[in-house]
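Novice: Provided below are the primary sequence and the corresponding predicted coordinates.
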Amino acid sequence: MDKDSQLALIRHGVETWNNWNIKSSGSQKIDLSETDLSGADLREANLRNANLSQTIFSSADLSGADLSGADLSHADLSGANLSGASLSHSDLSGANLSGANLSLAKLIKSSFIGSNLNGASLSYSDLSQANLSKTQLSRTDLSGA
C-alpha cells in the first residue's frame, strides 16, 4: 500500500487502521514520513516500526500508542500526548518534543540525540538505556523517571 493510501486509512480512524495492520500481519511497511498529522486522535494506534521521520504530530493524541522501533527522527511532537505510549527502540533524534506529555511512556533504548524536550513531562517514564546526549531538557519533568 502506498503512502497516500496509508495516510487516508489512518485519517479514517485508529480502529480501521489497527484492523488493517492486523490483517496485513505487519507485512506492509508503514511509511507516513513527512506528513501532517497534527491534532490527530491516534490513541492506541499500532505504528510499530513505522517510518515517521519528519512527520508533524503537534498536539496529537498518541496516548497508549505502540511506536516501538519507529523512526521519528526530526518529527514534530510538540505538545503531543504520548502518555503510556511505547517508544522503546525508537529513533527520536532531532525531534521536537517540547511540551509533550511522555509520562508513563516506555522509552527503553530510544535515541533522543539532539532532541528538544524542553518543558516536556517524562514523569514515571522508563528511560532505561535511552540516549539523551545533546538533548535539551530545560524545564523537563523527570520525576520518578
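Specialist: Thanks, I have the structure now.

Novice: Please tell me how far the residue nearest to residue 105 when sequence neighbours are not counted sits from residue 42.
Specialist: Of all residues not flanking residue 105 in the chain, residue 125 sits nearest, at 4.4 Å (Cβ to Cβ, 6 or more residues apart in numbering). (Glycine included, C-beta is placed from N, CA and C.) With the distance defined as Cβ to Cβ, to the nearest Å, residue 125 ends up 19 Å from residue 42.

Novice: Flag every buried residue along stretch 106-118.
Specialist: By 16 or more other Cβ atoms under 10 Å, the buried positions in stretch 106-118 come out as 106, 107, 108, 109, 110, 111, 112, 115, 116, 117, 118.

Novice: How far off centre is that stretch?
Specialist: On the basis of Cα atoms, centre = their mean, to the nearest Å, stretch 106-118 sits 11 Å off its chain's mean C-alpha point.

Novice: Determine how far the last residue of it lies from the first.
Specialist: Counting by Cα to Cα, to the nearest Å, you get 19 Å between the two ends of stretch 106-118.

Novice: likewise stretch 138-145?
Specialist: For stretch 138-145, the end-to-end distance is 16 Å (Cα to Cα).

Novice: how about it: buried residues?
Specialist: 140, 141, 145.

Novice: How about residues contacting that stretch?
Specialist: With Cβ atoms under 8 Å, 6 or more residues apart in numbering as the test, stretch 138-145 has contacts from 103, 117, 118, 119, 120, 121, 122, 123, 124, 125, 126, 127.

Novice: Of the residues you listed, which belong to strands?
Specialist: Among the contacts of stretch 138-145, DSSP state E puts none in strands.

Novice: Show the buried residues in those residues.
Specialist: For the contacts of stretch 138-145, buried by 16+ other Cβ under 10 Å: 103, 117, 118, 119, 120, 121, 122, 123, 124, 125, 126, 127.

Novice: would JSON lines of the residues you listed with distance to residue 92 and pLDDT be doable?
Specialist: Putting the buried ones among the contacts of stretch 138-145 into JSON lines (distance: Cβ to Cβ, whole Å; pLDDT from 0 to 100) gives the following:
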{"residue": "103", "distance to residue 92": "16", "pLDDT": "98"}
{"residue": "117", "distance to residue 92": "9", "pLDDT": "97"}
{"residue": "118", "distance to residue 92": "14", "pLDDT": "97"}
{"residue": "119", "distance to residue 92": "16", "pLDDT": "97"}
{"residue": "120", "distance to residue 92": "11", "pLDDT": "97"}
{"residue": "121", "distance to residue 92": "15", "pLDDT": "97"}
{"residue": "122", "distance to residue 92": "12", "pLDDT": "96"}
{"residue": "123", "distance to residue 92": "18", "pLDDT": "97"}
{"residue": "124", "distance to residue 92": "18", "pLDDT": "97"}
{"residue": "125", "distance to residue 92": "13", "pLDDT": "97"}
{"residue": "126", "distance to residue 92": "14", "pLDDT": "96"}
{"residue": "127", "distance to residue 92": "12", "pLDDT": "95"}
